[in-house]
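Visitor: Pasted the sequence and its predicted model underneath.
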Amino acid sequence: MEKHTNPIEFDAKPNEKAIDPSEYAKRIAELNDRFRQTYWGGKVMTTQGVDQLDELTSIKLFSAVMHYDEFTEGDDPYGEHDFGKVVIDGQTFFWKIDYYDTRMEYGSEDPANPHVTTRVLTIMLASEY
């Protein structure tokens, strides 16, 4: 069996006995946090409104998303750390992470497994949501 170098390896699905649903969500959150904090391990998309921001505002926005840690039950009911809101210079922005298969054709069958999942982080103006 091939040993993966990825520091977070998850092969079980939520309905398997080895992992309870809260542990599964915790594993997804760890992968999402790593991706959001490093921009490594997925694709980053921005909307037209974000693309039109000046350079300083863009730097502030991407930094705020990287350092986001204000997860609440209202914004993060499943504990996956896949959505957030930041305010930069009076403008409200949302970011969200979606899970696709490696070909980016369908949703991922197992978001806790980075070997079968492509994460997509989308950053947008709140008015574009």
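Guide: Structure received.

Visitor: Enumerate the positions of the strand with the most length in the chain that are buried.
Guide: Secondary structure of the chain per DSSP state E: the longest strand is strand 91-100. Neighbour-count burial for strand 91-100 flags Phe93, Phe94, Trp95, Ile97, Asp98, Tyr99, Tyr100 (criterion: 16 or more other Cβ atoms under 10 Å). Yep, even glycine has a C-beta here, placed from its N, CA and C like the rest.

Visitor: Within its sheet, name the partner strands of the helix or strand that that strand is followed by and how each one runs.
Guide: Remark: after strand 91-100, the chain's next helix or strand is strand 118-125, criterion DSSP states H and E. Partners of strand 118-125 in the sheet, by DSSP bridges, are strand 42-46 (parallel), strand 91-100 (antiparallel).

Visitor: What would the longest strand of the chain look like as PDB? C-alpha coordinates only.
Guide: What follows is strand 91-100, C-alpha atoms only, in PDB (Å, rounded to 0.1, in the frame of the first residue of the first chain):
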ATOM      1  CA  GLN A  91     -17.000  46.600   2.600                       C
ATOM      2  CA  THR A  92     -18.400  43.200   3.500                       C
ATOM      3  CA  PHE A  93     -16.900  40.100   1.800                       C
ATOM      4  CA  PHE A  94     -17.900  36.400   2.000                       C
ATOM      5  CA  TRP A  95     -15.600  33.400   1.400                       C
ATOM      6  CA  LYS A  96     -16.700  29.800   1.100                       C
ATOM      7  CA  ILE A  97     -15.100  26.500   0.300                       C
ATOM      8  CA  ASP A  98     -16.800  23.900  -1.900                       C
ATOM      9  CA  TYR A  99     -15.700  20.300  -2.500                       C
ATOM     10  CA  TYR A 100     -15.400  18.700  -5.900                       C
END
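
Visitor: what distance separates stretch 57-71 from the middle of the whole chain?
Guide: What separates the centre of stretch 57-71 from the centre of its chain is 13 Å, taken as Cα atoms, centre = their mean, to the nearest Å.

Visitor: shaky segments in the chain?
Guide: Scanning the chain for pLDDT under 70 picks out the ranges 1-18.
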